[in-house]
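Visitor: Curious how this folds, go ahead:
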Amino acid sequence: MKVSMNVTERLALLSILPGEGNLATIRQARVLREDLSLSEDEHKTFEFKVLETGGFQWNPNKAQSKEFTLNASQIGMIDKALRTLDAQNKVQVHHETLYELFNVEPKE
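Guide: Next comes the predicted model:
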(Lines give C-alpha, C1' and ligand atoms only; values in the text may rest on other atoms or scores of the structure.)
Protein backbone atom coordinates (compact mmCIF):
# COMPACT_ATOMS: atom_id res chain seq x y z
CA MET A 1 0.00 0.00 0.00
CA LYS A 2 1.27 3.45 -0.88
CA VAL A 3 0.44 6.27 1.48
CA SER A 4 1.49 9.90 1.57
CA MET A 5 2.05 11.40 5.02
CA ASN A 6 2.87 14.87 6.25
CA VAL A 7 5.23 15.58 9.16
CA THR A 8 2.47 15.56 11.77
CA GLU A 9 1.18 12.19 10.59
CA ARG A 10 4.67 10.71 10.50
CA LEU A 11 5.41 11.84 14.06
CA ALA A 12 2.01 10.63 15.28
CA LEU A 13 2.56 7.22 13.70
CA LEU A 14 6.05 6.97 15.16
CA SER A 15 4.58 7.60 18.62
CA ILE A 16 2.20 4.62 18.49
CA LEU A 17 4.44 1.92 17.01
CA PRO A 18 4.98 -0.99 19.40
CA GLY A 19 8.04 -0.99 21.62
CA GLU A 20 7.62 -4.60 22.60
CA GLY A 21 6.25 -7.80 21.16
CA ASN A 22 7.62 -10.81 19.37
CA LEU A 23 10.84 -10.57 17.39
CA ALA A 24 9.08 -10.20 14.03
CA THR A 25 7.00 -7.30 15.36
CA ILE A 26 10.01 -5.52 16.79
CA ARG A 27 11.93 -5.90 13.53
CA GLN A 28 9.00 -4.59 11.47
CA ALA A 29 8.58 -1.66 13.88
CA ARG A 30 12.30 -0.83 13.64
CA VAL A 31 12.21 -0.77 9.84
CA LEU A 32 9.08 1.37 9.88
CA ARG A 33 10.65 3.78 12.40
CA GLU A 34 13.71 4.14 10.19
CA ASP A 35 11.54 4.84 7.13
CA LEU A 36 9.21 7.32 8.85
CA SER A 37 11.86 9.26 10.73
CA LEU A 38 12.89 12.60 9.30
CA SER A 39 16.20 12.53 7.47
CA GLU A 40 18.99 14.97 8.20
CA ASP A 41 18.11 16.82 4.99
CA GLU A 42 14.45 17.02 6.01
CA HIS A 43 15.47 18.42 9.42
CA LYS A 44 17.33 21.22 7.66
CA THR A 45 14.79 21.84 4.91
CA PHE A 46 11.77 21.82 7.25
CA GLU A 47 13.64 23.88 9.91
CA PHE A 48 12.75 21.13 12.38
CA LYS A 49 13.48 21.80 16.06
CA VAL A 50 13.00 19.91 19.31
CA LEU A 51 11.67 22.33 21.91
CA GLU A 52 12.72 22.46 25.56
CA THR A 53 9.21 21.31 26.46
CA GLY A 54 9.79 18.09 24.53
CA GLY A 55 7.54 19.17 21.67
CA PHE A 56 8.50 19.75 18.06
CA GLN A 57 8.41 22.73 15.74
CA TRP A 58 8.94 23.03 12.00
CA ASN A 59 8.16 25.42 9.19
CA PRO A 60 4.87 24.18 7.67
CA ASN A 61 5.53 26.22 4.52
CA LYS A 62 8.68 24.17 3.84
CA ALA A 63 7.54 20.76 5.08
CA GLN A 64 6.42 18.43 2.33
CA SER A 65 4.48 15.19 2.44
CA LYS A 66 6.36 12.02 1.61
CA GLU A 67 5.09 8.81 0.02
CA PHE A 68 5.75 5.48 1.69
CA THR A 69 5.20 1.93 0.50
CA LEU A 70 4.04 -0.26 3.37
CA ASN A 71 3.79 -4.05 3.36
CA ALA A 72 0.93 -6.13 4.77
CA SER A 73 2.74 -6.77 8.08
CA GLN A 74 3.34 -3.06 8.60
CA ILE A 75 -0.28 -2.24 7.75
CA GLY A 76 -1.43 -4.88 10.24
CA MET A 77 0.83 -3.44 12.93
CA ILE A 78 -0.51 0.07 12.32
CA ASP A 79 -4.11 -1.20 12.31
CA LYS A 80 -3.57 -3.00 15.62
CA ALA A 81 -1.89 0.04 17.20
CA LEU A 82 -4.74 2.35 16.15
CA ARG A 83 -7.43 -0.06 17.38
CA THR A 84 -5.60 -0.46 20.70
CA LEU A 85 -5.33 3.30 21.11
CA ASP A 86 -9.07 3.65 20.53
CA ALA A 87 -9.97 0.77 22.87
CA GLN A 88 -7.91 2.40 25.62
CA ASN A 89 -9.52 5.82 24.97
CA LYS A 90 -6.10 7.32 24.26
CA VAL A 91 -6.70 8.77 20.79
CA GLN A 92 -5.40 12.32 20.53
CA VAL A 93 -6.25 14.97 17.95
CA HIS A 94 -3.05 14.37 15.95
CA HIS A 95 -3.98 10.67 15.54
CA GLU A 96 -7.28 11.37 13.79
CA THR A 97 -5.97 11.54 10.22
CA LEU A 98 -4.13 8.22 10.71
CA TYR A 99 -7.50 6.48 11.11
CA GLU A 100 -8.58 7.99 7.79
CA LEU A 101 -5.29 7.24 6.00
CA PHE A 102 -5.35 3.59 7.02
CA ASN A 103 -9.13 3.13 6.80
CA VAL A 104 -9.46 2.03 10.42
CA GLU A 105 -12.98 2.20 11.81
CA PRO A 106 -12.89 1.39 15.53
CA LYS A 107 -15.77 -0.53 17.02
CA GLU A 108 -18.52 1.64 18.51
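Visitor: Wait, Lys66 touches Leu13, no?
Guide: No: between Lys66 and Leu13 there is no contact under Cβ atoms under 8 Å: 11.9 Å. For glycine as for every other residue, the C-beta is placed from the backbone atoms N, C-alpha and C.
Visitor: got any residues that touch both of these two?
Guide: Here Lys66 and Leu13 share the contacting residues Met5, scored by Cβ atoms under 8 Å, 6 or more residues apart in numbering.
Visitor: Looking at the two now, which is surrounded by more residues?
Guide: Legend: neighbour count by other Cβ atoms under 10 Å for Lys66 and Leu13, higher for Leu13 (24 against 17).
Visitor: What pLDDT is listed against that one?
Guide: With respect to pLDDT, Leu13 scores 97.
Visitor: Quick check: the gap between it and Leu23.
Guide: According to Cβ to Cβ, to the nearest Å, Leu13 stands 21 Å off from Leu23.
Visitor: now the strands: where do they sit in this protein?
Guide: Taking DSSP state E as the test, the strands found in the chain are 2-5, 49-50, 56-57, 66-69.
Visitor: What strands flank the third one, and is each parallel or antiparallel?
Guide: Put plainly, it is strand 56-57. Strand 56-57 has its sheet partners listed here by DSSP bridges as strand 49-50 (antiparallel).
Visitor: before we move on, the earlier item: for the strands of the chain, please prepare a markdown table with the additional fields mean pLDDT and distance to Asp35.
Guide: Listed next are the strands of the chain as a markdown table, based on pLDDT from 0 to 100; distance: least, Cβ to Cβ, whole Å:
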| stretch | mean pLDDT | distance to Asp35 |
| --- | --- | --- |
| strand 2-5 | 96 | 10 |
| strand 49-50 | 93 | 20 |
| strand 56-57 | 92 | 18 |
| strand 66-69 | 96 | 6 |
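Visitor: so what's the residue nearest the centre of the chain up against?
Guide: Centroid-nearest residue in the chain: Leu13, 1.7 Å away (criterion: Cα atoms, centre = their mean). Contacts for Leu13 (Cβ under 8 Å, 6+ apart) come out as Met5, Leu36, Ile78, Leu98.
Visitor: Great, nothing more from me.
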